[in-house]
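Asker: Show me how the following folds:
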Amino acid sequence: MEGDPLRSIEAPEIVNMIQAIEERGARDIAKRALETTGQIFRYAIAHGKAKRNPASEIRRSDVLKVAPRVNYARVDAKELSRQSKSTMALQILAWQFG
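Answerer: Sure thing, here's the model as predicted:
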């Protein structure tokens, strides 16, 4: 087993890795790292290099903080119509005098 490091990796080590990435402020990369780790172990199992996938025992929601929701400003239909008209007028002017 010493010659095969995949067999020695356990779930807590993966959790530590994911949390270290998240602490850097890279939550999306931490999420992808967990997914990629799972893919590596699935490949290793298929090719006889590992017997189990410790990444499959970990859920994102168990180790990663919830991302804050961001609400973006909404444009009313009336305002949108005004903005489209002024944009169209500017395009016509640019076309005529440009």
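Asker: Could you report the neighbour count for S84?
Answerer: S84 is flanked by 10 other residues according to other CB atoms under 10 Å. In short, each C-beta sits where N, CA and C put it, glycine included.
Asker: how close does the residue nearest to the spatial centre of the chain sit to Y72?
Answerer: By CA atoms, centre = their mean, the chain has its centre lying nearest to D28, at 3.2 Å. Computed as CB to CB, to the nearest Å, the D28 to Y72 distance reads 18 Å.
Asker: does the closest residue to I21 other than its chain neighbours belong to a helix or a strand, and which?
Answerer: Spatial nearest neighbour of I21, chain neighbours left out: A30 (4.0 Å); criterion: CB to CB, 6 or more residues apart in numbering. Using DSSP states H and E, A30 falls within helix 27-46.
Asker: tell me which residues in that helix are buried?
Answerer: Buried residues in helix 27-46, defined by neighbour count with 16 or more other CB atoms under 10 Å: R27, A30, K31, A33, L34, T37, G38, I40, F41, A44.
Asker: Pull the CA coordinates from it and hand them back as PDB.
Answerer: Extracted as PDB, the C-alpha positions of helix 27-46 are listed here (Å, rounded to 0.1, in the frame of the first residue of the first chain):
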ATOM      1  CA  ARG A  27     -15.500  28.700  -3.500                       C
ATOM      2  CA  ASP A  28     -16.200  27.700  -7.100                       C
ATOM      3  CA  ILE A  29     -12.700  26.100  -7.500                       C
ATOM      4  CA  ALA A  30     -13.200  24.200  -4.200                       C
ATOM      5  CA  LYS A  31     -16.500  22.800  -5.600                       C
ATOM      6  CA  ARG A  32     -14.700  21.800  -8.800                       C
ATOM      7  CA  ALA A  33     -11.800  20.300  -6.800                       C
ATOM      8  CA  LEU A  34     -14.300  18.000  -5.000                       C
ATOM      9  CA  GLU A  35     -15.900  16.900  -8.200                       C
ATOM     10  CA  THR A  36     -12.500  16.300  -9.900                       C
ATOM     11  CA  THR A  37     -11.300  14.300  -6.900                       C
ATOM     12  CA  GLY A  38     -14.400  12.100  -7.200                       C
ATOM     13  CA  GLN A  39     -13.600  11.600 -10.900                       C
ATOM     14  CA  ILE A  40     -10.000  10.600 -10.100                       C
ATOM     15  CA  PHE A  41     -11.200   8.000  -7.600                       C
ATOM     16  CA  ARG A  42     -13.800   6.600 -10.000                       C
ATOM     17  CA  TYR A  43     -11.100   6.200 -12.700                       C
ATOM     18  CA  ALA A  44      -8.800   4.600 -10.100                       C
ATOM     19  CA  ILE A  45     -11.500   2.100  -9.100                       C
ATOM     20  CA  ALA A  46     -12.200   1.200 -12.700                       C
END
